[in-house]
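Visitor: Here is a sequence together with a model predicted from it:
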Amino acid sequence: MLEAAYLLLAALASVLGCACLALALPRHWREVADVAMPAGRATSLRAAGFSLLFAGVACAWLRDGPSFGSALAALVLAVSAWAVAFTLSWRPRWLRPLTLSAPATTGAPPAAGDASLTALFTSALWLACLSIGTVGFMLPGPRPQPRRPEPVSVVVERLEVELAAVPPEPSVMPDAPLPDLASPPPLAEPAAAPPPAALVAVAPPSALLAFALPVEGATEVTDLERASHSRPSHRVSPGVASSPPLQTITYGQGEGKQTAPDYPERALREGQEGEVVVRFQVAEDGRVRTAELARPSPWPLLNTAALRVVRRRWSFSPGRARLYEVSIRFELAK
């Protein structure tokens with residue numbers, strides 16, 4: 001109810017303040033009172049109008065605080081100004097009680113006082129209806145509340161239970177032959193443990209390697225020269241041929257098409273030189289099946305160029321599978 005009272009006071013103060021400021025103008029005073037404005041009345045009306053407006057703003061602040069109260073005061077002031085302007089244009093004599101002056105005697109019948117009382121009653125009734133409607137619009141209506149479940153009372157009782165000792169029933173064993181404990185069964189021979197797999201020598205991660213190759217099985221970390229890529233060894237069944245023996249060839253000599261590698265442009269600009277040893281396997285159709293670095297150079301660009309040319313551009317005559325190792329040297333012209 002306190003918020004509704006503050007809202008009603010803010011609305012009444014704003015309407016009365018706008019009416020006083022409107023009557024401070026001689027034209028509006030003459031339309032309402034039908035007499036000339038007394039001296040000094042305009043100043044008092046302006047003071048009363050601004051005081052009432054400030055009182056309306058204060059009531060709005062007390063209701064909703066400075067932030068929302070300012071917005072509410074602006075809304076109430078706009079509605080009050082519209083109401084006063086509508087009253088001045090439609091029924092200006094409804095504001096005559098605010099002039100505190102008697103009507104002018106211009107040959108009118110003696111019932112002028114009754115007309116003044118009628119205007120006063122109509123103005124009060126109009127303001128009361130407006131205030132009641134505003135309060136009814138702003139007040140929240142009753143909302144249905146959910147029914148809270150009633151707490152269920154829990155009764156705890158202590159039960160005394162006595163367990164009687166029941167003798168165990170004798171178990172009846174079927175007539176089965178007893179095992180011969182004199183001769184224990186023979187122990188199974190333990191399975192032979194498989195021989196340990198050979199460790200694969202791998203190099204630690206380094207920027208000198210062009211790329212890492214996957215290694216399966218147990219490994220041991222060693223230096224770069226001893227490291228090599230190998231696959232897990234499988235048992236060779238009888239009748240299956242083993243891997244071909246390793247042969248060393250000279251680059252540019254012997255059988256096959258040995259295309260020269262492209263010198264990387266960046267290596268040319270930076271003056272990189274070195275020797276790359278590539279180990280590769282040739283299939284029966286004469287194409288290079290796999291290629292890896294047997295001994296890389298310190299420059300990854302040279303290692304990549306050597307592997308690329310061996311894998312993609314070298315070829316040999318068809319025949320049995322072969323395993324070669326070749327040394328490719330990258331050297332700049334002096």
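Guide: Here it is on my side, so go on.
Visitor: check which helix or strand covers Val278.
Guide: strand 274-282 (DSSP states H and E).
Visitor: Beyond that strand, next helix or strand please.
Guide: Next helix or strand after strand 274-282 toward the C-terminus (DSSP H and E): strand 288-295.
Visitor: What strands flank that next one, and is each parallel or antiparallel?
Guide: Strand pairing for strand 288-295, using DSSP bridges, gives strand 274-282 (antiparallel).
Visitor: Break down this structure into its helices, ranges please.
Guide: Assigned by DSSP state H, the helices in the chain fall at 2-23, 26-33, 41-90, 112-138, 265-270, 300-313.
Visitor: Which among those helices is found nearest to Thr219?
Guide: Ranking those by proximity to Thr219 (CB to CB) places helix 300-313 first, at 21.1 Å. C-betas here are computed from N, CA, C, even on glycine.
Visitor: Quick check: mean pLDDT of that closest one?
Guide: When pLDDT is averaged over helix 300-313, the result is 92.
Visitor: now stretch 78-91
Guide: The model assigns stretch 78-91 a mean pLDDT of 82.
Visitor: Give me the distance between the two termini of stretch 309-328.
Guide: 11 Å (CA to CA, to the nearest Å).
Visitor: Give me every residue in contact with that stretch, excluding its own residues.
Guide: Under the criterion CB atoms under 8 Å, 6 or more residues apart in numbering, residues 243-251, 255-262, 275-288, 291, 294, 306 lie in contact with stretch 309-328.
Visitor: Just name the most buried of the helices of the chain.
Guide: Among the helices of the chain, ranked by average contacts under mean count of other CB atoms under 10 Å, first place goes to helix 2-23 (a mean of 21).
Visitor: Point out where the stretch 101-250 of the chain drops to low pLDDT.
Guide: In the predicted model of the stretch 101-250 of the chain, residues 101-145, 166-200, 205-218, 223-242 satisfy pLDDT under 70.
Visitor: mind redoing it with 50?
Guide: 102-118, 229-240 (pLDDT under 50).
Visitor: any idea how far Pro298 is from Glu275?
Guide: To Glu275, Pro298 is 10 Å away according to CB to CB, to the nearest Å.
Visitor: What residues does Asp285 make contact with?
Guide: Pro318.
Visitor: can you pull the pLDDT of it?
Guide: pLDDT, read off for Asp285, is 92.
Visitor: mind giving me JSON lines with the helices of the chain and columns for distance to Glu157?
Guide: Shown next, in JSON lines, are the helices of the chain (distance: least, CB to CB, whole Å):
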{"stretch": "helix 2-23", "distance to Glu157": "54"}
{"stretch": "helix 26-33", "distance to Glu157": "87"}
{"stretch": "helix 41-90", "distance to Glu157": "58"}
{"stretch": "helix 112-138", "distance to Glu157": "57"}
{"stretch": "helix 265-270", "distance to Glu157": "91"}
{"stretch": "helix 300-313", "distance to Glu157": "84"}
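Visitor: For Arg329, find the nearest of those helices.
Guide: Among these, helix 300-313 sits nearest to Arg329 (CB to CB), with 9.4 Å.
Visitor: could you give the angle of the closest one to strand 288-295?
Guide: Between helix 300-313 and strand 288-295, the angle comes out at 160 degrees (axes from the mean of the first three to the mean of the last three CA atoms, to 10 degrees).
Visitor: about what we covered before: buried ones in the strand holding Val278?
Guide: Burial within strand 274-282, assessed by neighbour count using 16 or more other CB atoms under 10 Å, is assigned to Gly274, Val276, Val277, Val278, Arg279, Phe280, Gln281, Val282.
Visitor: Just the buried residues of the contacts of stretch 309-328.
Guide: When these are checked for burial by 16+ other CB under 10 Å, the buried set is 249, 258, 261, 276-282, 286, 288, 291, 294, 306.
Visitor: what's the span of stretch 147-160, first residue to last?
Guide: 40 Å.
Visitor: residues making contact with that stretch?
Guide: By CB under 8 Å, 6+ apart, stretch 147-160 touches no other residue.
Visitor: Can you tell me who Leu221 pairs with across the strands?
Guide: Small correction: residue 221 is Val, not Leu. Counting by DSSP bridges, Val221 is bridged to Val202.
Visitor: Relative to Pro204, how far out is it?
Guide: For Val221, the distance to Pro204 equals 6 Å [CB to CB].
Visitor: With Asp262 instead?
Guide: Separation of Asp262 from Pro204 (CB to CB): 30 Å.
Visitor: And Asp34, by the same measure?
Guide: Remark: distance between Asp34 and Pro204 (CB to CB) = 111 Å.
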